[in-house]
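Engineer: only the shape, not the letters, is given here:
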């Protein structure tokens with residue numbers, strides 16, 4: 001297994017998933033956060049037997065515990081319990097600091113699509129991810145409901161893929177952003193988002209760009225001198 005962190009150029013083993021040990025927040029969280037290149041805040045990752053073991057922020061460390069077909073992510077009394085089948089999540093349960101279940105996600109997989117149903121209280125979100133023949137994500141649709149009433153649909157179009165191997169594959173359980181980034185073979189660099197309201201006003205299309213640095217082999221660098 002090779003790390004994609006640092007500035008050294010290494011030949012990538014195409015048969016193995018990458019194991020980045022550091023990643024700037026502006027690569028992990030973009031384009032959904034205010035982190036920029038002037039902010040050197042970064043995540044750190046450790047692995048055990050090829051599985052992600054911990055991920056750390058400056059303020060907290062999360063530990064992943066593996067047992068049978070479940071992965072438990074723990075930070076203090078807060079935890080998330082993922083049920084895994086064929087190396088993919090099929091159910092995620094989110095518990096607060098009082099160990100009360102407050103959110104669930106159910107996943108289903110078919111050729112060319114991934115469907116996720118997220119439920120939190122009286123709110124539901126139904127997400128469908130669509131892939132092209134290269135197994136790269138091209139579109140996401142999310143219908144949101146409250147008390148069973150359809151409120152609207154978010155649509156995201158993913159494009160401008162590079163040819164680099166995806167360094168986020170092993171990080172898909174960390175958060176929602178990394179789950180999306182982990183789904184593809186390569187790395188999208190453009191997102192167009194829109195919202196169609198069923199009850200109120202639509203939101204105009206927004207365009208986000210993800211800017212990566214690459215080594216001489218064309219592979220993504222998630223951590224490097226600024």
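Structural biologist: Received, thanks. Quantities reported herein were computed from a predicted structural model and do not represent experimental measurements. Numbers count the residues shown, from 1 in each chain.

Engineer: tell me the contacts of the most centrally placed residue in the chain?
Structural biologist: Using C-alpha atoms, centre = their mean, the residue of the chain that lies closest to the mean C-alpha position is residue 178, 1.6 Å off. Residues near residue 178 by C-beta atoms under 8 Å, 6 or more residues apart in numbering: 28, 168, 171-172. All C-beta atoms are positioned from the backbone trio N, CA, C, and that covers glycine.

Engineer: closest to residue 117 out of these?
Structural biologist: For the contacts of residue 178, the minimum distance to residue 117 (C-beta to C-beta) is 17.5 Å, reached by residue 172.

Engineer: just the pLDDT for the closest one.
Structural biologist: At residue 172, the pLDDT value in this model is 96.

Engineer: what does the one 3 residues further on give?
Structural biologist: In the prediction, the pLDDT value recorded for residue 175 is 91.

Engineer: are we agreed that the residue nearest to the centre of the chain is in a helix?
Structural biologist: Yes: counting by DSSP: H, G, I helix; E, B strand; the rest coil, residue 178 is located in a helix.

Engineer: quick check: pLDDT value at it.
Structural biologist: Looking at residue 178, its pLDDT reads 94.

Engineer: and residue 141, by the same measure?
Structural biologist: At residue 141, the predicted lDDT confidence score is 98.

Engineer: for it, identify the helix or strand it belongs to.
Structural biologist: With secondary structure defined by DSSP states H and E, residue 141 is part of strand 137-146.

Engineer: list the buried ones in that strand?
Structural biologist: Under the neighbour-count criterion of 16 or more other C-beta atoms under 10 Å, strand 137-146 has 137-140, 142-145 buried.

Engineer: quick check, nearest of these to residue 158?
Structural biologist: Residue 158 lies nearest to residue 137 out of those, by C-beta to C-beta, at 4.9 Å.

Engineer: so who does that closest one touch?
Structural biologist: 129-131, 158, 180, 183-184, 188.

Engineer: can you do 6 Å?
Structural biologist: Contact analysis of residue 137 by C-beta atoms under 6 Å, 6 or more residues apart in numbering lists 129, 131, 158, 183-184.
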